[in-house]
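Visitor: Please find the sequence and the predicted model below.
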Amino acid sequence: QPHLVESGGGLAQPGGSLTLSCAASGFTLDRYVIGWFRQAPGKEREGVSCISSSGDSTIYADSVKGRFTISRDNAKNTVYLQMNSLKLEDTAVYSCIADITTVQAMWDRIEWYDYRGQGTQVTVSS
């Protein structure tokens, strides 16, 4: 059954870095817009970033702009989220989603998607 699998989460210190991966299984990502969202305990789901199917268009939340970079390697069927200068408030479960849509449409309706991964925990703590 087609699905997404996230990896790369873990524990990082403030100011540190982590790289998350979102790999597709059972389908190819090259036609899909991919998004990352996160959810911390007691908080609402927050869109983090989206990337177009070709990789030439991206959107970032203001809270991560300049610190996080989304990229994709369609040959590897994988999307990445490079997270630098991590802050305590970046602690959350990060999930990736896939949909055949536009970057802006996914950003506007982050709860609509064809596929979603199970999530990976990112904890930023000193």
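Guide: Arrived safely, thanks for sending. Numbers count the residues shown, from 1 in each chain.
Visitor: Just the pLDDT at residue 111, thanks.
Guide: As predicted, residue 111 sits at a pLDDT of 81.
Visitor: element containing it?
Guide: According to DSSP states H and E, residue 111 maps onto no helix or strand at all.
Visitor: Spatially nearest residue to the residue nearest to the spatial centre of the chain (excluding sequence neighbours)?
Guide: For the chain, the residue whose C-alpha lies nearest the mean C-alpha position (CA atoms, centre = their mean) is residue 36; its distance is 2.5 Å. Closest residue to residue 36 in three dimensions, ignoring its sequence neighbours and counting by CB to CB, 6 or more residues apart in numbering: residue 48, at 4.3 Å. Every residue, glycine included, has its C-beta placed from N, CA and C.
Visitor: what sits opposite the residue nearest to the centre of the chain in the beta ladder?
Guide: For residue 36, the beta-bridge partners are residue 49, residue 96 (DSSP bridges).
Visitor: residues contacting it?
Guide: 20, 22, 47-50, 70, 81, 94-97 (CB atoms under 8 Å, 6 or more residues apart in numbering).
Visitor: Recalculate using a threshold of 7 Å.
Guide: By CB atoms under 7 Å, 6 or more residues apart in numbering, residue 36 lies in contact with 48-49, 70, 81, 94, 96.
Visitor: Break down this structure into its helices, ranges please.
Guide: All helices of the chain, identified by DSSP state H, fall at 103-108.
Visitor: Quick check: which ranges of the chain have low pLDDT?
Guide: Nowhere does the chain drop to pLDDT under 70.
Visitor: what ranges do the strands span in it?
Guide: Using DSSP state E, the strands of the chain run over 3-7, 10-12, 18-25, 33-39, 46-51, 58-60, 68-73, 78-83, 92-99, 115-116, 120-124.
Visitor: Redo the ones you listed as JSON lines? Include distance to residue 106.
Guide: Shown next, in JSON lines, are these (distance: least, CB to CB, whole Å):
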{"stretch": "strand 3-7", "distance to residue 106": "14"}
{"stretch": "strand 10-12", "distance to residue 106": "26"}
{"stretch": "strand 18-25", "distance to residue 106": "14"}
{"stretch": "strand 33-39", "distance to residue 106": "5"}
{"stretch": "strand 46-51", "distance to residue 106": "5"}
{"stretch": "strand 58-60", "distance to residue 106": "8"}
{"stretch": "strand 68-73", "distance to residue 106": "12"}
{"stretch": "strand 78-83", "distance to residue 106": "12"}
{"stretch": "strand 92-99", "distance to residue 106": "6"}
{"stretch": "strand 115-116", "distance to residue 106": "12"}
{"stretch": "strand 120-124", "distance to residue 106": "19"}
